[in-house]
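A.B. asks: sequence isn't available, so here's the structure alone:
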């Protein structure tokens, strides 16, 4: 389409609005190289001290390791639980499985503040507050709907005939699934894995309700830090988190192409 | 038993087996907590964080009688409405640009719109703290220009500025998706018939994009009402909204029945927003 239709004022306006949208994220990078004791921009001098400070901060390191372990466990369990469910929903469609699909993805529609409170109260009576298993369960409540959505979308697009051919030739259902369906689903599995990992690693509101003084995750620790003393340490940790996110997204993009995965 | 029926039964039990694990997680993490919240809003809060057994309407009565909670509700609704309108104003030009520009540029810009969504709200809010705090970038820039700058953080202004940026990607994507009905030929026809640019926009472009506008507004309003991280950090405990009040009642005051009642109130506001949306959509597509 002709670009002249959009005059200079329009382009200027759009640039300013993009600046507004992107500045808070971009600002994190220069801030992370600050040499100042407190938050100031532009910093009076530059250094890597706040990157070194991460390793000296026991709470931050513990939180990082918890987050990494939590996201890994949550992701693995989510795939193990969502894969059979998506298979059942796509390959045995009925009124019941359709209704179930809506119910199982419903947690995404609920505000996390409400879900977090509800989980807090139930988990307190179950005695799993501030525990790793409690956090795994809570995170899976939000990652499973994503995993289920991605996997069912992908499975729906898969060609049935090869599965049928294998079955006709005498392969048992389990063999068909393991030798035919599962390999064909690899791209969907990669996408679901990445999504679950990012969602769990970034989750903050529900975790804020459940995390205790002994166990906390990186986003929650970061949240408390911004609330109490927003120094450049938050910037250096944030820069690393953004780097990690970017790496995950790039891996997915390299292995399948983002458009194919998320924009179906 | 005929083979077909047997096969049917076999697959039904297979389906059940495949679905049991996810149903268990969903029940413990979603259904049970929400049902529990609903019944808790009708239980009495005892001193010291206990919960009474008897059925009571006292929590709901507090919401109506205590003017503080009415103010919180009112504040939540008008701040969210303000955020929605400002987000719309900031997002519309970007969405229109995305719609009209051609491909290599469009793809790059869409990636730029989506990338903040991949960044934690905590990180983006921290960026706003760096910009809006008393010695922050914007404040010092304006002060050095000799302006008398009012505090931009720990008040409603800060919450609105930050939330608008946080929610812009959702609005832009909703608007962009709805701009499919916008046909260049119709615009050109209006121009050929002598309409000036302003008239083309108000009479042709904007009406055609209204369904997207309404959808984006619903989405952003609902997200604004239930947002917690950004209002809490940029409001600094001085801006009282439903979401921050739920957290304070649950974690600080340990009044779980009242927190549960406020949660139900958020869901009621959601329901009303949805009803309003359905009505507005019927109006604009009629």
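C.D. replies: Nice, thanks for sending it over. Note that the structure is predicted; figures quoted are calculated from it, not measured.
A.B. asks: break down the stretch 51-200 of chain B into its strands, ranges please.
C.D. replies: B:51-55 (DSSP state E, counting those that start in this stretch).
A.B. asks: need the residues of it near chain A, please.
C.D. replies: Within reach of chain A by C-beta under 8 Å from any C-beta of the partner chain, the stretch 51-200 of chain B has these residues: B:90-91, B:93-94, B:97, B:100-102, B:109, B:112-113, B:115-116, B:118-131, B:133, B:135-137, B:162, B:165, B:168-169, B:184. Every residue, glycine included, has its C-beta placed from N, CA and C.
A.B. asks: give me the buried subset of the residues you listed.
C.D. replies: Buried subset of those (neighbour count, 16 or more other C-beta atoms under 10 Å in any protein chain shown): B:90-91, B:93-94, B:97, B:100-101, B:109, B:113, B:115-116, B:119-131, B:133, B:136-137, B:162, B:165, B:168-169.
A.B. asks: which ones among the residues you listed map onto helices?
C.D. replies: When those are checked against helices (DSSP state H), the matches are B:90-91, B:93-94, B:97, B:100, B:109, B:113, B:121-131, B:137, B:162, B:165, B:168-169.
A.B. asks: which residues outside the strand or helix carrying residue A:182 are in contact with it?
C.D. replies: In this assignment (DSSP states H and E), residue A:182 forms part of helix A:182-184. For helix A:182-184, contacts defined as C-beta atoms under 8 Å, 6 or more residues apart in numbering or on different chains pick out A:158, A:162.
A.B. asks: what's the average pLDDT for that helix?
C.D. replies: Summarised as a single mean, pLDDT over helix A:182-184 is 86.
A.B. asks: for the residue nearest in space to the middle of chain B, what are its contacts?
C.D. replies: Per C-alpha atoms, centre = their mean, the C-alpha nearest to the average position across chain B is that of residue B:223, at 0.9 Å. Contacts for residue B:223 (C-beta under 8 Å, 6+ apart) come out as B:167, B:170.
A.B. asks: chain center to the helix or strand harbouring it: distance?
C.D. replies: Following DSSP H and E, one finds residue B:223 within helix B:206-226. Centroid separation for helix B:206-226 versus its chain: 10 Å, with C-alpha atoms, centre = their mean, to the nearest Å.
A.B. asks: now that helix: buried residues?
C.D. replies: B:208-226.
A.B. asks: next SSE after it?
C.D. replies: helix B:229-235.
A.B. asks: just checking the helix or strand following that following helix against chain A, any contact.
C.D. replies: Next helix or strand after helix B:229-235 toward the C-terminus (DSSP H and E): helix B:242-247. Yes - using C-beta under 8 Å from any C-beta, helix B:242-247 reaches chain A at B:243, B:246-247.
A.B. asks: tell me which of these is nearest to chain A?
C.D. replies: Minimum separation from chain A among those (C-beta to the nearest C-beta) is found for residue B:243, which lies at 4.7 Å.
A.B. asks: so where's the stretch 1-150 of chain A uncertain?
C.D. replies: A:1-6 (pLDDT under 70).
A.B. asks: would you map the helices across it?
C.D. replies: For the stretch 1-150 of chain A, the helices defined by DSSP state H, counting those that start in this stretch cover A:8-32, A:49-56, A:58-91, A:95-105, A:112-126, A:132-156.
A.B. asks: now mean neighbour count and distance to residue B:14 too, for the ones you listed, in TSV please.
C.D. replies: Shown next, in TSV, are the helices of the stretch 1-150 of chain A (neighbours: other C-beta atoms under 10 Å in any protein chain shown; distance: least, C-beta to C-beta, whole Å):
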stretch	mean neighbour count	distance to residue B:14
helix A:8-32	16	47
helix A:49-56	14	49
helix A:58-91	20	8
helix A:95-105	15	12
helix A:112-126	23	30
helix A:132-156	22	16
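A.B. asks: of the ones you listed, which is nearest residue B:55?
C.D. replies: Comparing the helices of the stretch 1-150 of chain A against residue B:55 with C-beta to C-beta, the closest turns out to be helix A:112-126 (17.6 Å).
A.B. asks: the closest one to strand B:51-55, inter-axis angle?
C.D. replies: 100 degrees (axes from the mean of the first three to the mean of the last three C-alpha atoms, to 10 degrees).
A.B. asks: residue contacts, the residue in the stretch 51-200 of chain B positioned nearest to chain A?
C.D. replies: Chain A sits closest to residue B:127 of the stretch 51-200 of chain B, with a gap of 2.8 Å, by C-beta to the nearest C-beta. Contacts for residue B:127 (C-beta under 8 Å, 6+ apart) come out as A:23-28.
A.B. asks: where's the closest residue to chain A within the stretch 151-286 of chain B relative to residue B:76, distance?
C.D. replies: Distance from chain A to each residue of the stretch 151-286 of chain B (C-beta to the nearest C-beta) is smallest for residue B:226, at 3.2 Å. Remark: distance between residue B:226 and residue B:76 (C-beta to C-beta, to the nearest Å) = 9 Å.
A.B. asks: equivalent analysis for residue B:207, please.
C.D. replies: 31 Å.
A.B. asks: quick one: residue A:59 and residue A:218 touch, right?
C.D. replies: No - Residue A:59 lies out of contact with residue A:218 (C-beta atoms under 8 Å); the separation is 10.2 Å.
A.B. asks: where in chain B is pLDDT low?
C.D. replies: Across chain B, residues meeting the criterion (pLDDT under 70) sit at B:1-10, B:47-49, B:286.
A.B. asks: map the structural domains onto the sequence of it.
C.D. replies: Per automatic domain parsing, the structural domains of chain B span B:3-55, B:64-285.
A.B. asks: among those domains, which is the most enclosed?
C.D. replies: domain B:64-285 (a mean of 18; mean count of other C-beta atoms under 10 Å in any protein chain shown).
A.B. asks: that one: end-to-end distance?
C.D. replies: This stretch, domain B:64-285, spans 37 Å end to end (C-alpha to C-alpha, to the nearest Å).
A.B. asks: can you check stretch A:201-208 too?
C.D. replies: End to end - C-alpha to C-alpha - stretch A:201-208 spans 13 Å.
A.B. asks: and it, how far from the chain's centre?
C.D. replies: Taking mean C-alpha positions (C-alpha atoms, centre = their mean), stretch A:201-208 and its chain are 10 Å apart.
A.B. asks: also stretch B:172-188?
C.D. replies: Distance, centroid of stretch B:172-188 to centroid of chain: 23 Å (C-alpha atoms, centre = their mean).
A.B. asks: ok, and what's touching that stretch?
C.D. replies: Contact with stretch B:172-188 is made by A:1, B:91-92, B:94-96, B:98-99, B:110, B:113-114, B:200, B:204-205, B:208-209, B:211-213, B:215-216, B:219, as judged by C-beta under 8 Å, 6+ apart.
A.B. asks: show the pLDDT at the residue of the stretch 151-264 of chain A found nearest chain B.
C.D. replies: Across the stretch 151-264 of chain A, the shortest distance to chain B (C-beta to the nearest C-beta) belongs to residue A:238, at 4.3 Å. We have a pLDDT of 93 for residue A:238.
A.B. asks: got the contact list for the residue lying closest to residue A:147 once chain neighbours are set aside?
C.D. replies: What sits nearest to residue A:147 in space, not counting adjacent residues and going by C-beta to C-beta, 6 or more residues apart in numbering or on different chains, is residue A:82, at 3.7 Å. Listed by C-beta under 8 Å, 6+ apart, the contact partners of residue A:82 are A:144, A:147-148, A:151, A:192, B:22.
A.B. asks: so which strand or helix has the residue of the stretch 151-264 of chain A closest to chain B?
C.D. replies: Using DSSP H and E, residue A:238 falls in helix A:232-256.
A.B. asks: can you pull the buried residues of that helix?
C.D. replies: A:232-239, A:241-242, A:245, A:248-249, A:252, A:256.
A.B. asks: nearest to residue B:64, of those residues?
C.D. replies: residue A:234 (41.0 Å).
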